Every structure is written in C-alpha cells, then in structure tokens.
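**Student:** requesting a structural model of the entry that follows:
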Amino acid sequence: MQISVIVTCYNARTTLAAALESVTAQSTPPHEIIIVDDGSTDDSVAIARSVIPAATIIEQRNQGVSAARNAGLAHVNGDVIAFLDDDDVWHPTKLERQIRLLEQHPQLDLVATRWSRTSPIPRQDWSLRWLSYRDLTLMNQFQTSTVLMRSQLAAEVGGFDSKLDTVEDWAFWIACAKKGTLAVLEQEFVLYRDSPDGVSKDLHRFWATLERMIHTTDAMALLDPTDRERIIAWHVQRMLVAALLQRDLSLLVKIAFRGLRVSPIAQLHATRTLTIPFLTERLRRRREI
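**Tutor:** Numbering: from 1, shown residues only. Got it, this is the predicted structure:
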C-alpha cells in the first residue's frame, strides 16, 4: 500500500521539526508527504523544507485546520492517508503496525491508535476494538494524528467541515462510520502535545459547535429518534459536569436550559447508562494516577 501523509502546521517552529522527523523515521516509509502551512508568520515553511526537502508543501492563507487538511486531501495519490498535527510525534512503528492491520482485515477502512502525553512504548500484547456508528456519536474516539484511513473512504466522505471549528474532526469520523468500518488499536503510538489554550478548552465555543453538529448536520441521522434523544441528553449532562468543574455559571445556565427540551425519560436513561458509568470510570482512572 502506498501511504500519503498529511501534515498541517501553523506557527509551529518549536515543534514541527520533531513531528516531521517522526515521519521520516517510520519503519514503513510513506509514499508521499504533504505539508500544508496554514498561513504561518514564523519560519515553519523553511523548517519543513529543511527537514523533508522532497515533501510537497502547500502554502495558503490562514483558514483553520479543516481547510488545511482539505487542501492536503485534494493532493493525495496514495492508497491510504495518515494525518499528523504539527505538535505531535509518531512512534517509529506506527504506520507499519496500522498497515499490517489493514492487510489482515480487508474490511477495515480506518484504524486509529491510542496516544500518550509521554513518549509511547508499544507493548507486545494488543487488542483491536471495533467501533460502531453509535460509538462515534457518543464520543470522539480518535485523536487525528493517530488515524490511518483508506483514501477511497476519505473520497466518499468528502472533507472536514470548517464551520465546526472545534468538533470538525469528530464530525468527520462520524461520517466515516456511516460509510466504512472503523477500529482502534488499543496501544499508544503517538505522543500528543495538548495545548492548554487550545480551542477544545474553550467550553463555550465547544458547546456551541457541538450543538451545531447535533442539530444542523446529519451527524446523528442514522439513529432512531429515541436513541438520538438519549444521546443528546448524555451530551447535555457531560457538558453540565464540565461547566460545573470550571465553575462557569453562565454556561451552566445555557446548557441547563437546553436540557429542559429533552424528555425526563431520556435524561434518566442517559444518566443511568452513560453518565454515571462515564464518571465512575474517570474517577477510577484519577485514583490510579
């Protein structure tokens, strides 16, 4: 299989070289590397050219990560596509392990891995968890730098939705789950550097785009009405918890009013089957740290 790697960057002079070097260090090298610079004002482009002179470099005005990924998708020639953000780092065997899984499971269209905030050390034992469309509507299951997907599926789905500027990747994976077969390798192969001021930390913005994804796109179109309402109740409840932890009264009120439009039966079901198990698991993990 020929692998196309899409690297997106924006003012990444401190992290880009390490990200790109993790691509060139792969035990299964990619067929092509496409670097999309989203209007950087630093020397990111110069760094990209120095680290990977043979890469295809696309420069565009700043439009956001969705537009940058879409620009990369428009230029791929490989059979499979891997994404990498400019501040993440791959383990040297990441692509090798994922390609092997696609070869072992011809029905598999997208395989992601787990990630770590420290340098990952893959184990000998591993498991592959298959994901349903419903699984994707419950929670974003992937970090973008962990994903390897078949180009055919990407073409069928189309690009990332730039109007969903904090959940655009999640909406894309949901669309993939409608048309293809997805799984996650339960091993860590990516060093993920989470920015403390990233857009996902802005709860007001995240809630607004989550609401937009749920109600103005067809992200949940395949769910039956009863299940859809239960999952909306779950999203309301988990966002209420997040707002409560941040002590954000204005957001609490906003989300609570949205929750009033969800039936008490759906709220009760979501609390019992989704919210309580989720919080219990989070508490267990926190105690283990």
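**Student:** how close does residue 148 get to residue 270?
**Tutor:** Taking CB to CB, to the nearest Å as the measure, residue 148 falls 33 Å from residue 270. The way it works is simple: take the backbone N, C-alpha and C, and place the C-beta from them, glycine included.
**Student:** hmm, I typed the wrong one, I wanted residue 204.
**Tutor:** Remark: distance between residue 204 and residue 270 (CB to CB) = 22 Å.
**Student:** residue 119 now?
**Tutor:** The spacing between residue 119 and residue 270, counted by CB to CB, is 37 Å.
**Student:** these two - which one has more neighbours?
**Tutor:** Neighbours were tallied for residue 119 and for residue 270 using other CB atoms under 10 Å; the higher tally belongs to residue 270 (22 against 9).
**Student:** secondary structure class for that one?
**Tutor:** In the three-state summary, residue 270 is assigned as helix, counting by DSSP: H, G, I helix; E, B strand; the rest coil.
**Student:** so it sits against residue 228, correct?
**Tutor:** No: using CB atoms under 8 Å, residue 270 is not in contact with residue 228, being 11.4 Å away.
**Student:** I'd guessed residue 137 sits against residue 221; true?
**Tutor:** No: in terms of CB under 8 Å, residue 137 does not count as a neighbour of residue 221; the distance is 9.9 Å.
**Student:** between those two, tell me which one has more neighbours.
**Tutor:** In this comparison of residue 137 against residue 221, neighbours counted by other CB under 10 Å, the higher total goes to residue 137 at 24 against 11.
**Student:** now the helix of greatest length in the chain: buried residues?
**Tutor:** Taking DSSP state H as the assignment, the helix of the chain that covers the most residues is helix 225-245. Counting neighbours by 16 or more other CB atoms under 10 Å, one finds that the buried residues in helix 225-245 are 228-240, 242-243.
**Student:** and what of stretch 29-43?
**Tutor:** Within stretch 29-43, the residues that qualify as buried by neighbour count (16+ other CB under 10 Å) are 30, 32, 33, 34, 35, 36, 37, 38, 40.
**Student:** other residues contacting the longest helix of the chain?
**Tutor:** By CB atoms under 8 Å, 6 or more residues apart in numbering, the surrounding residues in contact with helix 225-245 are 134, 137-138, 203, 206-207, 210, 214, 220, 223, 251-252, 255-256, 258-259, 262-263, 266-267, 269-271, 273-275, 278-279.
**Student:** next SSE downstream of that helix?
**Tutor:** helix 249-259 (DSSP states H and E).
**Student:** which elements pack onto that next one?
**Tutor:** With contacts defined as 3 or more CB pairs under 8 Å, 6 or more residues apart in numbering; DSSP states H and E, the secondary structure elements packing on helix 249-259 are helix 203-216, helix 225-245.
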